[in-house]
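*Asks:* Here is a sequence with its predicted model. Questions after.
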Amino acid sequence: MKIPKLGFGVFQITKEECEKCVLEAISVGYRHIDTAQSYFNEEEVGNAISKCGLKREELFITTKVWIDNYGYEKTKQSILQSMRKMKVDYIDLVLLHQPFSDYYGAYHALEDLYEAGKIRAIGVSNFSPDRLADIASFNKIAPHVNQVETNPFNQQVKAQENMIKRSVQIEAWAPFGEGKSNMFQNPVLKEIADKHDKSIAQVILRWLMQRDIVALAKSTHIERMKENFEIFDFQLSDEDMCKVAMLDTNTSLFFNHQTPETVDMFVNMIEERKGKI
Ligand code: NAP
């Protein structure tokens with residue numbers, strides 16, 4: 001199975017804007033859309049899929065199961081609900097959004113829907129190397145994908161090695177770190193960008209492509225969607241790649257999934273989102 005290496009992410013795109021943004025992204029050339037049950041916009045993604053004029057098989061659609069929908073039966077029902085919202089009769093990739101609560105029960109539902117042909121590939125997100133080793137080792141089907149925060153300041157080098165070893169494809173969420181730590185003004189990235197007559201965003205996405213990482217970029221502006229898509233006409237040198245490698249802090253720009261405080265944060269998030277998904 002093939003996955004388009006550059007995808008369009010719709011996290012934090014409102015219900016009002018989402019259909020238009022996905023239609024624009026598709027018109028620019030994106031064929032891979034990354035949503036989630038907890039983004040509250042699966043229905044609008046579905047509207048764009050219906051209206052874009054492409055055949056279903058020309059698009060690669062990912063959604064993620066929210067923690068509150070974990071557990072074998074609940075997960076199964078929630079994915080069927082996601083399919084109804086997106087008006088599709090199969091989903092290309094379904095991920096477990098977070099490594100908390102009954103992710104084993106949820107994963108078994110993914111396996112069964114995969115075997116039934118309702119899901120073309122299955123995987124996880126935010127799984128640290130140990131949890132990925134666990135879920136890959138004790139199930140019938142190892143995850144095909146693990147989507148983790150990956151950007152120049154948090155490069156996931158060791159995590160990617162662990163994924164390669166287990167034949168799990170790494171995907172990068174927040175490739176720009178949502179602009180945190182002045183990523184769009186970083187002098188090292190700027191120097192490389194100027195050398196290639198490209199932007200910092202393009203250098204980051206190109207760097208991910210050259211590391212064989214599937215990247216999910218989000219923008220609500222069509223000119224930036226285009227800019228982020230124009231990364232297949234240049235190549236970073238080994239020296240450029242080394243300079244970017246030096247920027248790694250090996251630390252999340254958001255939060256560490258392996259602390260009890262993060263688990264507490266997700267428990268609160270589940271409460272806040274109850275009844276809204
Ligand atoms: P991101 O893609 O790193 O950054 C998005 C931000 O960068 C937006 O503020 C956007 O602004 C800006 N931007 C985009 N292109 C730009 C450009 N060329 N120049 C300047 N600014 C630019 O962050 P993200 O949305 O958090 O992550 C991307 C996708 O990953 C999400 O949409 C989602 O699909 C996925 N994700 C998954 C998880 C997970 O837990 N699995 C978590 C977070 C994200 P405008 O929109 O205003 O253009």
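*Replies:* Alright, I've got the coordinates.
*Asks:* From here on, just use CA atoms for contacts and neighbour counts.
*Replies:* Will do.
*Asks:* pLDDT weak spots in this structure?
*Replies:* Applying pLDDT under 70 to the chain flags no residue at all.
*Asks:* Up against the ligand, what does it have?
*Replies:* 9-11, 34-35, 97, 125, 147, 173-179, 201, 216-221, 224, 227-228 (CA under 6 Å from any ligand atom).
*Asks:* Give me the buried subset of those residues.
*Replies:* For these, a neighbour count by 16 or more other CA atoms under 10 Å gives the buried set as 9-11, 34-35, 97, 125, 147, 173-178, 201, 216-220, 224, 228.
*Asks:* Flag every buried residue along stretch 222-237.
*Replies:* Those would be 224, 225, 226, 228, 229, 230, 231, 236, for stretch 222-237 by 16+ other CA under 10 Å.
*Asks:* May I have the distance across that stretch, first residue to last?
*Replies:* From its first residue to its last, stretch 222-237 covers 29 Å (CA to CA, to the nearest Å).
*Asks:* rewinding a little: so which of the buried residues of stretch 222-237 sit within helices?
*Replies:* Per DSSP state H, helices hold the following members of the buried residues of stretch 222-237: 224, 225, 226, 228, 229.
*Asks:* Just give the nearest non-adjacent residue to the fourth one, would you?
*Replies:* Beyond its immediate neighbours in the sequence, the residue positioned closest to residue 228 (CA to CA, 6 or more residues apart in numbering) is residue 202, lying 5.7 Å away.
*Asks:* Helices of the stretch 51-200 of the chain, start to end?
*Replies:* 72-86, 103-115, 129-137, 157-165, 187-196, 200-210 (DSSP state H, counting those that start in this stretch).
*Asks:* so which of the ones you listed is the most packed in?
*Replies:* helix 200-210 (a mean of 22; mean count of other CA atoms under 10 Å).
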